[in-house]
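Novice: Next come a sequence and a model predicted from it.
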Amino acid sequence: MSFTIEDGVLKKYNYEEQEETVVIPEGVKVIAMHAFVDCHKVKHVSIPNTVQEIGIATFGNSGIEDIVVPDSVTKLDSSVFRDCSRLKSAVIGNGVTELSDRLFSSCQELVHLELPSGLKRVGSRAFLECYSLQKVWVDGTEYWISGNDVPKPVQLVFDSLEEIRDKIRFDYENGLMDEFEYVDYQIAGDGYSY
């Protein structure tokens, strides 16, 4: 495996030598923005406990199918997993207190999401077009996103999805979206309560 690493920052994964499973070396503290962008052959990435930050769109439009963000990570920049159309499972470690804007945007196959109990904020459109996401796990317990008496991290996800639905309704009602787009969205998001 070939990486460009400088002063603890993984700047780039060698696009030409992609492998299905990538193990990031111990000692890396930051995975820089776009480090794995468009790496379609990469399916699994192992992140060591030395990593503290993952940059903007690091895994954007890659082939990853599952990811575990270790507890050592305290910052996930925007769009880290944006357009990861094959991503099915994500575990976010306890060091993360905020899910940034568009973090999982267009991860249409995401069905398993584990969140830290200390989550305080979910950014704008963090779950845009996450049509398959209906349940979230917090501290090992499974919750329906639209359920009652859910912990704060689950409520934050629900609020994020509600914000997206409100924006789409607004766009449709104000002629910024045609009827076919609106109906497609309603069908795709059918698992949610409106």
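Specialist: Yep, that arrived. Here the structure is a predicted model, which means the values were calculated and not measured. Residues are numbered from 1 along each chain as shown.

Novice: which residues touch Ile145?
Specialist: Leu133, Gln134, Lys135, Val136, Val154, Val157, Phe158, Leu161, Tyr192 (Cβ atoms under 8 Å, 6 or more residues apart in numbering). The way it works is simple: take the backbone N, C-alpha and C, and place the C-beta from them, glycine included.

Novice: Correct me if wrong, but the fifth one is in a helix.
Specialist: Spelled out, that is Val154. Yes. Counting by DSSP: H, G, I helix; E, B strand; the rest coil, Val154 is part of a helix.

Novice: all strands for this structure, in order.
Specialist: 3-6, 9-13, 21-23, 30-31, 44-46, 53-54, 66-69, 75-76, 89-92, 98-99, 112-115, 121-122, 135-138, 141-144 (DSSP state E).

Novice: For those, give me CSV that also has mean neighbour count, distance to Tyr172 and mean pLDDT.
Specialist: Conversion of those to CSV gives the following (neighbours: other Cβ atoms under 10 Å; distance: least, Cβ to Cβ, whole Å; pLDDT from 0 to 100):
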stretch, mean neighbour count, distance to Tyr172, mean pLDDT
strand 3-6, 13, 45, 94
strand 9-13, 19, 40, 96
strand 21-23, 14, 41, 96
strand 30-31, 24, 38, 98
strand 44-46, 16, 38, 97
strand 53-54, 22, 35, 98
strand 66-69, 18, 33, 98
strand 75-76, 20, 31, 97
strand 89-92, 18, 30, 98
strand 98-99, 21, 26, 97
strand 112-115, 21, 27, 98
strand 121-122, 18, 23, 96
strand 135-138, 18, 27, 96
strand 141-144, 14, 26, 94
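
Novice: Rebuild the ones you listed as a markdown table, extending it with distance to Val150.
Specialist: A markdown table is the format used below for those (distance: least, Cβ to Cβ, whole Å):
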| stretch | distance to Val150 |
| --- | --- |
| strand 3-6 | 40 |
| strand 9-13 | 36 |
| strand 21-23 | 34 |
| strand 30-31 | 31 |
| strand 44-46 | 29 |
| strand 53-54 | 26 |
| strand 66-69 | 21 |
| strand 75-76 | 22 |
| strand 89-92 | 17 |
| strand 98-99 | 16 |
| strand 112-115 | 11 |
| strand 121-122 | 13 |
| strand 135-138 | 8 |
| strand 141-144 | 5 |
